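>>> what follows is a predicted structure for the sequence shown.
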Amino acid sequence: MQQTKIAGTGHYVPDNVVTNNDLSQLMDTNDEWIQERTGIVERRWIQPGSGDSPSTMGTKAALKAIEKAGIDKTEIDFIIFATLSPDYYFPGPGVMVQEQLGLDTVPALDIRNQCSGFIYGLSVADQFIKTGTYNNILLIGSENHSGGLDKTTRGRGVSVIFGDGAGAVILQPAQSGTEGILTTHLHSEGKHAKELALIGPNTEHWVDKILEEKNPEDTSYYPYMNGNFVFKHAVTRFQEVINEALKAVGLNSSDIDLLIPHQANLRISQYIQKKMELSSSQIFNNIQKYGNTTAASIPIALSEAVEEGKLKQGDLLCLAAFGSGFTWGSALIRW
Ligand code: UT7
């Protein structure tokens with residue numbers, strides 16, 4: 001069957017840089033704690049009124065990926081959009097990108113798998129390319145976290161780690177049987193759904209009800225995360241799913257030229273690096289600059305890694321993610 005290659009990458013982040021010291025003006029936190037626990041130095045947060053949103057940032061990243069792929073935007077035949085922070089409750093931002101790019105009636109699929117959203121999207125795109133259904137799939141991961149975070153001391157365990165931004169790739173049939181996506185692996189475990197979640201608003205707890213209640217102590221419309229619990233599962237699942245992919249194609253961690261893990265926490269990345277016995281040149285991290293951008297983190301990092309010349313033809317690229325759901329996944333790509 002036809003393999004899928006990444007033909008172009010692009011990313012876009014808002015101009016507004018928010019440092020750890022900026023956060024300490026809003027809540028009881030400090031640069032030392034944030035850097036020590038997460039590695040994050042700064043993140044981008046959308047400036048209200050700037051016009052940036054998950055869909056518009058996604059479109060900007062997409063235009064760069066389209067240019068890099070050397071195609072005309074009208075050649076895109078399928079759009080996949082991964083986010084946990086859609087512009088609207090519904091419809092999803094996929095159709096907004098379709099409209100913003102002026103792409104007639106091209107189908108648009110929205111993926112709601114949080115940090116694993118990009119990997120899930122990649123796997124879905126891979127199936128459509130393999131079967132010959134589509135030839136130029138636009139896959140976007142984009143997030144506006146800053147609009148929904150609890151920026152008081154109450155929310156510091158969550159809010160300091162998240163940032164805004166978008167990344168995009170163009171997926172095409174590979175020219176040869178040796179290049180492209182070798183394997184993808186997906187998982188979920190819904191029994192932990194509430195360990196990293198934003199419960200309200202939801203269809204049983206809709207906005208009018210929240211407003212009617214007007215209870216300032218109600219934190220349910222802010223994201224909740226059981227950080228330690230999530231961390232412990234993350235370090236295990238990352239390793240498992242990377243090894244699962246390597247085993248599927250008969251390779252070892254030493255064969256990985258570049259691992260781009262979902263940028264959840266530098267400590268998680270460093271732990272995986274150590275456990276998988278990878279050198280610093282075999283792993284790419286940029287959480288220091290952008291924080292955790294959920295579905296956007298892998299495509300932003302991939303786009304930067306490409307720009308920095310970290311990938312050459314024939315390299316084995318490994319992508320892996322773990323997050324809310326819990327959901328997790330991996331992909332191995334021959335560059
Ligand atoms: O992307 C999706 C998947 N998400 C992840 O993989 C995230 C996984 N979890 C984590 O990255 C970490 O658990 C966090 C970075 C969220 C938190 O780090 P931690 O080392 O687990 O800290 P903690 O929650 O155990 O908190 C330790 C202490 C607490 O104080 P006490 O109870 O020891 O007195 C917190 O109240 O640090 C305090 N604390 C803070 N202090 C300053 C929590 N947040 C902050 C803060 N600034 N922002």
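Right, received. Where do you want to start? Numbers count the residues shown, from 1 in each chain.
>>> got the residues of the stretch 1-150 of the chain near the ligand?
T29, W33, I34, R37, T38, C115 (C-beta under 6 Å from any ligand atom). Where you see a C-beta, it was placed from the backbone N, CA and C, and this is true even at glycine.
>>> which residue sits closest to the last one, ignoring its sequence neighbours?
In this case it means C115. With C-beta to C-beta, 6 or more residues apart in numbering as the criterion, C115 has its nearest non-adjacent residue at 2.4 Å, and that residue is G323.
>>> the one you found against R112, yeah?
No - G323 lies out of contact with R112 (C-beta atoms under 8 Å); the separation is 11.5 Å.
>>> looking at these two, which has the bigger crowd around it?
G323 (27 against 16; other C-beta atoms under 10 Å).
>>> let me see the contact set for the more buried one.
N113, Q114, C115, S116, L196, V230, A234, H262, A264, T294 (C-beta atoms under 8 Å, 6 or more residues apart in numbering).
>>> report the beta-bridge partners for it.
Applying DSSP bridges to G323 gives these bridge partners: T327.
>>> so out of everything in this structure, what residue is nearest the ligand?
G227 (2.7 Å; C-beta to the nearest ligand atom).
>>> which residue, other than its chain neighbours, is closest to that residue?
Here the residue nearest G227, using C-beta to C-beta, 6+ apart, is G157, at 5.6 Å.
>>> which is the next helix or strand following whichever strand or helix holds that neighbour?
Element membership for G157, per DSSP states H and E: helix 156-159. Remark: after helix 156-159, the chain's next helix or strand is strand 165-173, criterion DSSP H and E.
>>> pull the residues that contact the next helix or strand after that next one.
Downstream of strand 165-173, the next assigned helix or strand under DSSP H and E is strand 180-188. If you take C-beta under 8 Å, 6+ apart as the criterion, strand 180-188 is touched by 3-6, 113, 116, 119-120, 122-123, 126, 174, 237, 241, 244-245, 248-249, 325-334.
>>> swap in stretch 101-111?
59, 62-63, 73-74, 76-83, 86, 91-95, 97-98, 117, 120-121, 124, 295.
>>> make a ChimeraX selection of the buried ones in those.
This is the ChimeraX syntax for the buried subset of the contacts of stretch 101-111, where burial follows 16 or more other C-beta atoms under 10 Å:
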select :59,62,63,73,76,78,79,80,81,82,83,86,92,93,94,95,97,98,117,120,121,124,295
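>>> could you give the bridge partners of D110?
F81.
>>> that one - how many residues pack around it?
With other C-beta under 10 Å as criterion, D110 counts 18.
>>> for E212, same thing?
By the criterion of other C-beta under 10 Å, E212 has 9 neighbours.
>>> ditto for Q114
25.
>>> quick one: residues contacting it.
Here Q114 is in contact with L84, L196, T294, A295, G323, S324, G325, T327 (criterion: C-beta under 8 Å, 6+ apart).
>>> does the third one touch H145 like I think?
Yes - using C-beta under 8 Å as the test, T294 is close enough to H145 to be in contact (6.9 Å).
>>> pull up the overlap in contacts between these two.
The contact sets of T294 and H145 overlap at S85, F162 (C-beta under 8 Å, 6+ apart).
>>> and the two? Which one has more around it.
Higher neighbour count among T294 and H145: T294, with 31 against 26, using other C-beta under 10 Å.
>>> what's the spacing between that one and D315?
26 Å (C-beta to C-beta, to the nearest Å).
>>> residue furthest from the geometric center of this protein?
Centroid-distance maximum for the chain: E212 at 34.4 Å, with C-alpha atoms, centre = their mean.
>>> and Y271, that's in a helix?
Yes - assignment of Y271 by DSSP: H, G, I helix; E, B strand; the rest coil places it within a helix.
>>> quick one on the thing from earlier: which of the residues of the stretch 1-150 of the chain next to the ligand fall within strands?
Using DSSP state E, no member of these falls in strands.
>>> which helix or which strand is home to the nearest residue in space to A69 that is not next to it in sequence?
With C-beta to C-beta, 6+ apart as the criterion, A69 has its nearest non-adjacent residue at 2.9 Å, and that residue is G8. Per DSSP H and E: G8 is located in strand 4-12.
>>> neighbours around the residue nearest to G227, how many?
G157: 16 neighbours (other C-beta under 10 Å).
>>> ok so, going back, any chance of a PyMOL selection covering the buried ones in the residues of the stretch 1-150 of the chain next to the ligand?
Command for PyMOL that selects the buried part of those, burial taken from 16+ other C-beta under 10 Å:
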select buried, resi 29+34+37+38+115
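>>> turn the residues of the stretch 1-150 of the chain next to the ligand into JSON lines, including pLDDT.
Putting these into JSON lines (pLDDT from 0 to 100) gives the following:
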{"residue": "T29", "pLDDT": "98"}
{"residue": "W33", "pLDDT": "98"}
{"residue": "I34", "pLDDT": "98"}
{"residue": "R37", "pLDDT": "98"}
{"residue": "T38", "pLDDT": "98"}
{"residue": "C115", "pLDDT": "97"}
